[in-house]
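Trainee: sequence plus predicted model, see below.
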Amino acid sequence: MKPQNKFATLLSLALVCATMTLTANTTYAQSGVARGSISAPRDPELEKQSAHNLEVAKYYFYKRKPSDKNDKDGWARLNKAVLDRLQEIIDTNPNFARMDSVYFLMGEVYQRNNEPDKAKESWSKVIQEFPDSEHLPDAKKRLGTSVEVEKKDSKPKDSKPEKKG
């Protein structure tokens, strides 16, 4: 074999090896645990809008109160305003970064609105879907409290006749 042919063969072999090495490294780097899950980036404008809606809902829930504490219509309107804001977040931005706060506050509103089943459902979502949530202990506490109250209410009452003296 001529020296030029040997050089050309070695050069082609080196090129093939380099290509295979680069392809193997690229494939290895893109797969595996270190890279983490690939999720679509969040829309910053939508996140900002959802965060605003959450803050407004919190303001209405914690700060605004009807002038008369016995005004049932006022409380109903207030609760509806909060629920509407929270539902808007769920509908427009289901991947909102603070969705755990949305569901937790929703549970609080339902509890205040005397809808314990819906409240439990919202708090259960926090526990099941957001294990790293800051609201996790409170949601568990609310569910535990709700369950205890329900158990107490479901016990049959003693029907002892009253003694007349």
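Mentor: Looks like it came in fine. Numbers count the residues shown, from 1 in each chain.

Trainee: ranges for the helices of this protein?
Mentor: For the chain, applying DSSP state H gives helices covering 3-30, 44-62, 72-92, 99-112, 116-129, 136-154.

Trainee: include mean neighbour count when you put those into TSV, please.
Mentor: Every residue, glycine included, has its C-beta placed from N, CA and C. TSV is the format used below for the helices of the chain (neighbours: other Cβ atoms under 10 Å):
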stretch	mean neighbour count
helix 3-30	10
helix 44-62	15
helix 72-92	16
helix 99-112	22
helix 116-129	17
helix 136-154	13
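
Trainee: and the lowest mean pLDDT element among the helices and strands of this structure?
Mentor: Lowest mean confidence among the helices and strands of the chain (mean pLDDT, DSSP states H and E): helix 3-30, at a mean of 62.

Trainee: give the rounded mean pLDDT of stretch 124-143.
Mentor: The average pLDDT for stretch 124-143 rounds to 92.

Trainee: quick check: end-to-end length of it?
Mentor: End-to-end distance for stretch 124-143: 8 Å, by Cα to Cα, to the nearest Å.

Trainee: so what touches it?
Mentor: Met99, Asp100, Ser101, Tyr103, Phe104, Gly107, Gln111, Ala119, Lys120, Trp123 (Cβ atoms under 8 Å, 6 or more residues apart in numbering).

Trainee: ok, now with 10 Å
Mentor: Stretch 124-143 has contacts (Cβ atoms under 10 Å, 6 or more residues apart in numbering) with 98-108, 111, 116, 119-120, 122-123.

Trainee: repeat for stretch 41-50
Mentor: 85, 88-90, 92-99, 102.

Trainee: for the nearest residue to Asn79 once chain neighbours are set aside, give me its contacts.
Mentor: Once flanking residues are discounted, Asn79 sits nearest to Asn113: 4.8 Å by Cβ to Cβ, 6 or more residues apart in numbering. Asn113 makes contact with Trp75, Ala76, Leu78, Asn79, Lys80, Val82, Leu83, Ala119, according to Cβ under 10 Å, 6+ apart.

Trainee: and what of Ile89?
Mentor: 46, 49-54, 57, 96, 98-99, 101-103, 105-106.

Trainee: against Asp71, how distant is it?
Mentor: Per Cβ to Cβ, to the nearest Å, Ile89 is found 27 Å from Asp71.

Trainee: same question, Phe104
Mentor: Counting by Cβ to Cβ, the gap from Phe104 to Asp71 is 26 Å.

Trainee: same check on Ser101?
Mentor: For Ser101, the distance to Asp71 equals 28 Å [Cβ to Cβ].

Trainee: same thing with Lys65?
Mentor: As judged by Cβ to Cβ, Lys65 and Asp71 stand 9 Å apart.
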